[in-house]
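Asker: Sequence and computational prediction follow.
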Amino acid sequence: MSLVLNEEQSYLKDTARDFAKNKTPVSHFRGVRDSENPECFDREIWKEMANLGWSGILIPEEYGGSDFGVAGIGVIFEELGRTLTPSPMFSTAVVCASLIKEAGNEDQKKEYLTKIASGDVTLAFALEESSRHSPTNLETVAKKDGDSYIVNGEKTFVLDGGFADFLIIAADSGKGTSLFIANKDTKGIDIKATPMVDSRNSANITFNDLKLSSSDLIGEENGSDQIIEEVLDISRSVISAEMFGGIQEAFDVTLNYLKERDQFGSKIGSFQALQHRAAIMFSEIELCKSCVLESLTSFDEGSNDIPRLASLAKAKIGEVFHLVSNEAVQMHGGIGVTDEYDIGFYLKRARVAEQIFGNVQFHKDRYAELTGY
Amino acid sequence: MSDLNSFRNETRDWLEANCPESMRTPMSQGDVVWGGRKVEFKDPDQKVWMDRMGERGWTCPTWPKEYGGGGLNFEENKVLQEELMRIKARPALNSFGIWMLGPALLEYGTEEQKLKHIPKIVKGEIRWCQGYSEPGSGSDLASLKTKAEDQGEQYLINGQKVWTSYADECDMIFTLVRTGPLEPKHEGISFLLIDMDQEGVTTKPIKLISGKSPFCETFFDNATAPKENLVGGLNKGWSVAKRLLQFERNMIAGMGFGSASSGSSKKSDAKPTSGLATMAKRYVGEKEDKLDDSGLRNKIIDHDMNSQAFALTLRRAAEESKKSNQGPSAASSIFKYYGTENNKLRYEIMLEAMGTKALGWDGAEFGPEELAITREWLRTKANSIEGGTSEVQLNVISKRVLELPQ
Ligand SMILES: Cc1cc2nc3c(=O)[nH]c(=O)nc-3n(C[C@H](O)[C@H](O)[C@H](O)COP(=O)(O)OP(=O)(O)OC[C@H]3O[C@@H](n4cnc5c(N)ncnc54)[C@H](O)[C@@H]3O)c2cc1C
Ligand SMILES: Cc1cc2nc3c(=O)[nH]c(=O)nc-3n(C[C@H](O)[C@H](O)[C@H](O)COP(=O)(O)OP(=O)(O)OC[C@H]3O[C@@H](n4cnc5c(N)ncnc54)[C@H](O)[C@@H]3O)c2cc1C
């Protein structure tokens, strides 16, 4: 796979960098948080992102997208991750768009992909059922009843679940997993927002005799396990790119602080105890960069090692975001633990993002299994 | 592309005809061919292979033809390496000349110096060692004291070097000597080539914890070197020294990553495997396909992931510098530090997997491979010392890359 960006990807990255710098610096995130807007994002900004074509990057041209590929959207997320830009883009334009693209029928693609590309709908994927990522052996069940399905179960950590217009629901339908799409206002859906430490939106959702028709089925009945895995890998890779942006920003901010802060008559960056830790972080960040790029490009270039590379990226980046966010706070001394200072935001985002679709240990284990041990 | 294909075919044919069968078998540390006047071949095929490759310049494939090198470009060299790998050919020749002195001479040497020394490195006729460190000057290399005095036609050298790898088997030594005793420490150093076959140079082996004596103390007692052996200008040796260290560090960093196979995930159908896990399973067994020691398994996972990430980074740095046509990218500053620390860890994990089987010193009760691993484990401890310690590497990253205040 290529480890340097092509022209198109570099262009997307530059555009996203400018956007993040001018429209959504960290102060934007802080503003959204302080506004106590329950949606935890700014609809105006989301509209602008969609107008730039970002929500359609994974969507084929015939449905209004640009089909620029996973690496294309990944580099945008990296830049948005730097400034912690909150938006529905991950759930809607990466996770759910990919599910519909891979599994949906023509009508569903026309209906949803077009509206995702234009930024007119938001979607959330209701998958997780416990406090740790566990995409198999679901307890939410969909029982066939004539031409309809009755869904019962409880979902948690549904990203953007508090506001998304539509939910894609993963349920055990007897002989495998099926995917359904449902309007959030459908009877039988009970949504409880769960305010998280990173001030982004997620929800616990209960399905109580939710009645869906077979036209709500996305993909084959019982046939979605493989597709879910594939879409999860895309999503893991993209969220790793977002996290990698956060890592770099937290590190850069800290590095600047080391060059500015005086103690003992010197810049604290002159103390070797801090220098070596910074140099070790730098080394780890260089490794992360290679893992993210290799994973992002593996989809577009058709590698046969996609799952392992996605796990490598998610585990490595998760671990290093842990390290860097902790060190960043520590090296700031007292102000590092104040709310007034931004660095704590990265610590909070690091831990939530680590949980998305598998934490470090989940992906280490998966990497080993895929390597034969 | 078709040019490259015909190059591949020619290369394949030539290797098929010229690489002796015995040179396509796995080798041990003792089978490494270093060349030089004092070389002793364990097997006549080693000489045949070295001579044939040297004649063609393929011991140094990318060096210019006018100095005996292969004159291959990046793509051609890649093909050559792939073809060598394909037939599992042993390296025909290894040497400090190839790894360090040659590349530095190509940049800093005069035309005469290049014509005189480089072809002999390519053909393995002269074996070089490195005289940098002194008893009082290790990490703080620029404080070195060995002095070279101007005697008109030649320099007179007095002083002592230490940790000189293979000094007792070498023909020539490239040294850092003080030629400007009054100048600031970095500005009074010259890079001087000295013939070791003279009375004024003596060596005394030092034994390592691994039981081997691969390096020496080297004494200069009124030794001499002709003026033409000064490289890079009087008192300008520090630049040459630093550049050469970069070559050395990249070489050391790459050890254990020869094929970097774990870094490539092109569309090959080979199923990924883990060398460490395979060996660990032999010693500790498995349960439901998983290594039956979850603590050890986790360490192996970390190590495999980091090794793959590191191999990817080596590849990325190569792609980046090729694309930008500039020197080494920022990523390369981490290679020496990360590669050696990672390699040390690899051996610690092997030891943990093998238990007491890894702790034998000799005798027939241990397998030869086991005994080799024990010795190699001890040898890896030097990886993060030789060529600049890990701490010094971190200092370099802090200062040069992160630009932290001093
Ligand atoms: C929750 C909380 C409660 C507090 N309560 C009180 C209180 O009641 N009364 C009070 O007076 N103070 C209080 N403090 C202040 C506290 O004592 C200081 O924050 C602490 O001494 C560090 O100083 P600093 O924040 O200025 O960080 P700095 O000194 O600027 O340190 C920044 C970073 O540089 C590192 N560093 C600094 N010097 C060196 C060096 N020589 N070598 C290596 N690394 C170095 C530090 O370890 C740190 O990582 C409190 C702080 C906190 C966070
Ligand atoms: C196997 C082997 C082969 C070698 N081969 C050669 C050779 O062929 N030719 C040659 O010239 N040399 C050779 N060397 C020498 C090698 O380059 C030196 O050992 C190395 O540069 C370290 O110097 P030192 O041993 O004097 O350690 P010191 O410099 O005394 O260091 C001792 C400890 O202090 C630390 N330290 C020193 N300065 C700093 C600092 N500023 N900040 C933080 N920590 C610091 C070091 O990291 C180390 O941990 C070889 C060494 C080994 C082990």
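Answerer: Received, thanks. Ligands and ions are numbered 1, 2, ... in the order given.
Asker: hang on, A:Glu139 in a helix?
Answerer: No: counting by DSSP: H, G, I helix; E, B strand; the rest coil, one finds A:Glu139 to be coil, located in no helix.
Asker: That one against A:Ala170, yeah?
Answerer: No: if you go by Cβ atoms under 8 Å, A:Glu139 and A:Ala170 don't touch, sitting 11.0 Å apart. Bear in mind the C-beta positions are built from the backbone N, C-alpha and C, glycine included.
Asker: These two - which one has more neighbours?
Answerer: A:Ala170 (26 against 13; other Cβ atoms under 10 Å in any protein chain shown).
Asker: Contacts only, for that one.
Answerer: Contacts for A:Ala170 (Cβ atoms under 8 Å, 6 or more residues apart in numbering or on different chains) come out as A:Phe125, A:Ala126, A:Leu127, A:Pro135, A:Leu138, A:Thr140, A:Thr177, A:Ser178, A:Leu179, A:Ser224, A:Ile228.
Asker: B:Lys236 now?
Answerer: Counted by Cβ under 8 Å, 6+ apart, B:Lys236 has contacts B:Ser190, B:Phe191.
Asker: which of the contacts of A:Ala170 has the weakest pLDDT?
Answerer: Among the contacts of A:Ala170, A:Pro135 has the lowest pLDDT, at 94.
Asker: quick one: it is in a strand?
Answerer: No: secondary structure assignment (three-state DSSP) places A:Pro135 in coil, not in a strand.
Asker: Backbone dihedrals for it, both of them.
Answerer: phi -80, psi 0 (degrees, to the nearest 10).
Asker: What distance do you get for it to A:Phe125?
Answerer: 11 Å (Cβ to Cβ, to the nearest Å).
Asker: the more surrounded of these two?
Answerer: A:Phe125 (29 against 17).
Asker: quick revisit: make TSV from the contacts of A:Ala170 and add secondary structure to it.
Answerer: Listed next are the contacts of A:Ala170 as TSV, based on three-state DSSP:
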residue	secondary structure
A:Phe125	strand
A:Ala126	strand
A:Leu127	coil
A:Pro135	coil
A:Leu138	coil
A:Thr140	coil
A:Thr177	strand
A:Ser178	strand
A:Leu179	strand
A:Ser224	coil
A:Ile228	helix
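Asker: tell me which of those is nearest to B:Pro214?
Answerer: Distance to B:Pro214 across the contacts of A:Ala170 (Cβ to Cβ) is lowest for A:Pro135, with 52.8 Å.
Asker: quick one: what helix or strand has the closest residue to B:Arg346 other than its chain neighbours in it?
Answerer: Distance criterion Cβ to Cβ, 6 or more residues apart in numbering or on different chains; nearest residue to B:Arg346, sequence neighbours excluded, is B:His303 at 6.1 Å. Using DSSP states H and E, B:His303 sits in helix B:294-324.
Asker: Likewise for B:Lys120?
Answerer: helix B:111-122.
Asker: Show me the shaky parts of the stretch 251-373 of chain A.
Answerer: For the stretch 251-373 of chain A, not a single residue meets the criterion pLDDT under 70.
Asker: For chain B, what's the nearest residue on the stretch 51-200 of chain A?
Answerer: Of all residues in the stretch 51-200 of chain A, A:Ala71 sits closest to chain B, at 14.1 Å by Cβ to the nearest Cβ.
Asker: Tell me how many other residues surround that residue.
Answerer: So A:Ala71, with other Cβ under 10 Å, has 29 neighbours.
Asker: ok so it is a strand residue?
Answerer: No: read with three-state DSSP, A:Ala71 is helix and lies in no strand.
Asker: domains of the chain?
Answerer: Answering for chain A, as no chain was given. What automatic domain parsing lists as the domains of chain A is A:7-120, A:125-218, A:225-370.
Asker: my bad, chain B
Answerer: Split by automatic domain parsing, chain B gives B:2-95+B:117-122, B:128-235, B:242-401.
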